[in-house]
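> Below are the sequence and a predicted model for it; my questions follow.
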Amino acid sequence: MLRFLESLHFVLFIFFTAAYAYQIVYLLIGFFGKGKGGKQAPALHRYAAIIAARNEENVIGDLIKSLKRQDYPAELLDVIVIADNCTDRTAEVSRQAGAIVYERFNKVQVGKGYALDYLFRRIFEDQGEQAYEGFFVFDADNLVDPQFVREMNKMFDTGEYAALTSYRNSKNFCDNWISAGYALWFLREARYLNRPRTQLGVNCAVSGTGFLVAADVIREDGGWPYHLLTEDIEFSISCAIRGRKIGYCGTAVIYDEQPTAFRQSWDQRMRWTKGFYQIDARYTGALLGGCLRGGRHSMSCYDMLMTVAPGNLVTLGVLALALFACLSSLAQPAFITYRVLRMLGRIIWMTIKGISFSLFLFGAVTMLSEWKKIDGPAWKKIVFMFTFPLFMLTYIPISLAALVNKVEWKPIRHGLAAKAEKGKERA
């Protein structure tokens, strides 16, 4: 029994080391390499900035203002809002800020994917399919750097990419350990996943907001047919399978608001995790087929497969098998049972310790390399390097809960603190 447990632990270690070893290459390229740039004198393309919003009256006006202040010809950038099942003043605030607004009320087809699909169809009906060359997609809580559109346009004009993602910074990094955990993950994704992917010619992953998709892609798809709980990753997976190229523009910066309450964070990450399970069920076969084609397309499919692979469940499944083996040993003499249980405890501790060290390493490297771009006092940044592994380890119970529970899309409320401050000022 002891030999069986040792072998099980060794196999688990070898499996994950081999599966994710390529990310060490990403880490080195992300740290030492330079980001890939676009054309220095690009043609100026016509875009629409799309915002899907549900009850976002607190923040959407600020986003629209930041888009109206872009260092880009105003006549080449329209701001379009889809006020989706709103019960507040989102539509009114958006119109006052200068956006084109559509309203949608559908209690059956709920979620951002359906809202985007509806909006693209309405735009094509009202303005024609050739009105825009590309669409930026934002969440209502974003703020956009003044150079964002100009920088994205430089890479879009190369004609290489069906879509582009950007550098996702945070508006509230140092609020608490939860907001810092989110923000540090997205910074790592930008610097140490998407940057090396683009340098190596491997597809990037779109993560919800701050991305650009070519109008040709929307026309080919007949809208936005990505309706799983994580429609952004579904789009990324589809692009990898179909050979569409997604790139990364590190000089285009957005600022995102992260949740600070654990209950809200739990609900959001439950939705993400359930969405990953949906993607695993629908696309694993196609991704495996893409892995066998060879070349950079094969690597894009493999990388996306590792992105959505339920690693937490594999780990927990192996540990459950080990626990079952230990329970089976209870019929043995007491000293044998003691040794088996002690070995199981050692395996669990070593597994948690190994995962925590890896997470700390990635978090610390990201924090140090992005230090100057993170707003907040130095002592908080240091503290949040150490809380990052804890934040990520909470995905383990979330993964289990998402496996057995029904999960539906729920809106995330933003800007409540800012609204409270404005109320105090008026008082």
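Everything's here; your move.
> quick one, what contacts Q109?
Counting by C-beta atoms under 8 Å, 6 or more residues apart in numbering, Q109 makes contact with H227. Bear in mind the C-beta positions are built from the backbone N, C-alpha and C, glycine included.
> Need the three-state assignment for it.
coil (DSSP: H, G, I helix; E, B strand; the rest coil).
> now it: how far from T351?
Distance, Q109 to T351, using C-beta to C-beta, to the nearest Å: 41 Å.
> Skip the chain neighbours and tell me the closest residue to Y118.
R104 (5.2 Å; C-beta to C-beta, 6 or more residues apart in numbering).
> Tell me if E408 really is in a helix.
No. With three-state DSSP as the criterion, E408 is located in coil rather than a helix.
> what helices or strands is the longest strand along the chain leaning on?
Under DSSP state E, the strand in the chain containing the largest number of residues is strand 246-256. Judged by 3 or more C-beta pairs under 8 Å, 6 or more residues apart in numbering; DSSP states H and E, strand 246-256 is in contact with strand 143-144, helix 148-156, strand 163-170, helix 195-200, helix 231-242.
> Neighbouring strands - and their directions - for it?
strand 143-144 (antiparallel), strand 163-170 (parallel) (DSSP bridges).
> contacting residues for A401?
A401 neighbours (C-beta under 8 Å, 6+ apart): M270.
> ok, back up a step: okay if I get the strands paired with strand 246-256 as TSV plus mean pLDDT, distance to E75 and mean neighbour count?
Formatted as TSV, the strands paired with strand 246-256 follow (pLDDT from 0 to 100; distance: least, C-beta to C-beta, whole Å; neighbours: other C-beta atoms under 10 Å):
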stretch	mean pLDDT	distance to E75	mean neighbour count
strand 143-144	96	18	22
strand 163-170	96	22	26
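> So which of the ones you listed is nearest A183?
Distance to A183, taken as C-beta to C-beta, is lowest for strand 163-170 among the strands paired with strand 246-256, at 3.6 Å.
> Please parse this structure into its domains.
Per automatic domain parsing, the structural domains of the chain span 2-22+309-404, 35-307.
> do you know which of those lies nearest K410?
Among the domains of the chain, domain 35-307 sits nearest to K410 (C-beta to C-beta), with 5.5 Å.
> For that closest one, what is the distance to the chain centroid?
With C-alpha atoms, centre = their mean, to the nearest Å as the basis, domain 35-307 stands 9 Å off its chain's centre.
> what about it, start to end distance?
21 Å (C-alpha to C-alpha, to the nearest Å).
> cool, stretch 149-165 as well?
12 Å.
> now swap in stretch 284-298 and tell me
Stretch 284-298: ends 13 Å apart by C-alpha to C-alpha.
> contacting residues for T87?
N55.
> That one should be in a strand, yeah?
No. Counting by three-state DSSP, T87 falls outside a strand, being coil.
> and the domains of the chain, which is most packed in?
Among these, domain 35-307 has the highest mean neighbour count (mean count of other C-beta atoms under 10 Å), at a mean of 20.
> which other helices and strands contact the longest helix out of those in the chain?
In terms of residue count, the longest helix belonging to the chain (DSSP state H) is helix 334-369. Helix 334-369 sits against helix 2-20, helix 22-32, helix 177-188, helix 311-328, helix 378-393, with contacts defined as 3+ C-beta pairs under 8 Å, 6+ apart.
> ok so, going back, surely the residue nearest to Y118 touches V81?
No. Counting by C-beta atoms under 8 Å, R104 sits too far from V81 to count as a contact (10.6 Å).
> How about residues contacting stretch 207-224?
Under C-beta under 8 Å, 6+ apart, the answer for stretch 207-224 is 47, 113, 116-117, 120-121, 124, 129-130, 132-139, 142, 144, 152, 156, 161-166, 168, 186, 189, 231-233, 235, 244, 252, 254, 256.
> Revised request: answer the last question for stretch 25-39.
Contacts of stretch 25-39 (C-beta under 8 Å, 6+ apart): 151, 153-158, 191-193, 195-200, 247-251, 362, 365, 369.
> Endpoints of it, how far apart?
27 Å.
> quick one: average pLDDT of it?
Here stretch 25-39 scores 88 as its mean pLDDT.
> Begin at 3, not 1, for the rest of this chat.
All set: I'll call the first residue 3, so the last point we hit is now stretch 27-41.
> what residues are up against A117?
By C-beta under 8 Å, 6+ apart, the neighbours of A117 are A54, R56, I84, D86, R106.
> Tell me which residue is most central in this protein.
In the chain, the residue lying closest to the centroid (C-alpha atoms, centre = their mean) is S209, at 3.3 Å.
> Phi, psi for that one please.
phi -120, psi 70 (degrees, to the nearest 10).
> Check Y116 too.
Phi and psi for Y116, reported as degrees, to the nearest 10, are phi -70, psi -40.
> quick one: low-confidence parts of this structure?
3-8, 10-11, 312-343, 346, 413, 417-429 (pLDDT under 70).
> 50 instead?
418-429 (pLDDT under 50).
> Just give the nearest non-adjacent residue to S181, would you?
S181 sits nearest to Q260 (C-beta to C-beta, 6+ apart), 4.0 Å away.
> The one you found contacts A185, correct?
Yes. Q260 is in contact with A185 according to C-beta under 8 Å; the separation is 5.5 Å.
> who touches both of these two?
With C-beta under 8 Å, 6+ apart, Q260 and A185 have common neighbours S172, N174, F175.
> State the helix or strand in which the second one lies.
Using DSSP states H and E, N174 is not contained in any helix or strand.
> wait, what's in contact with the closest residue to it other than its chain neighbours?
Nearest residue to N174, sequence neighbours excluded (C-beta to C-beta, 6+ apart): S181, at 5.1 Å. Neighbouring residues of S181 by C-beta under 8 Å, 6+ apart: S172, N174, F175, Q260, P261, T262.
> Distance check, the nearest residue to the third one once chain neighbours are set aside against D64.
It refers to F175. Leaving aside its chain neighbours, F175 sits nearest to A185 (4.5 Å; criterion: C-beta to C-beta, 6+ apart). As judged by C-beta to C-beta, A185 and D64 stand 18 Å apart.
> same question, G277
28 Å.
> now swap in E153 and tell me
When C-beta to C-beta is applied, the distance between E153 and D64 equals 20 Å.
> likewise F264?
26 Å.
> One more: A23?
Taking C-beta to C-beta, one finds A23 at 43 Å from D64.
> one step back: just give me how far the longest helix of the chain sits from the chain centre.
Computed by C-alpha atoms, centre = their mean, the chain-centroid distance of helix 336-371 equals 26 Å.
> how big is the angle separating that helix from helix 380-395?
Orientation of helix 336-371 against helix 380-395 (axes from the mean of the first three to the mean of the last three C-alpha atoms, to 10 degrees) gives an angle of 140 degrees.
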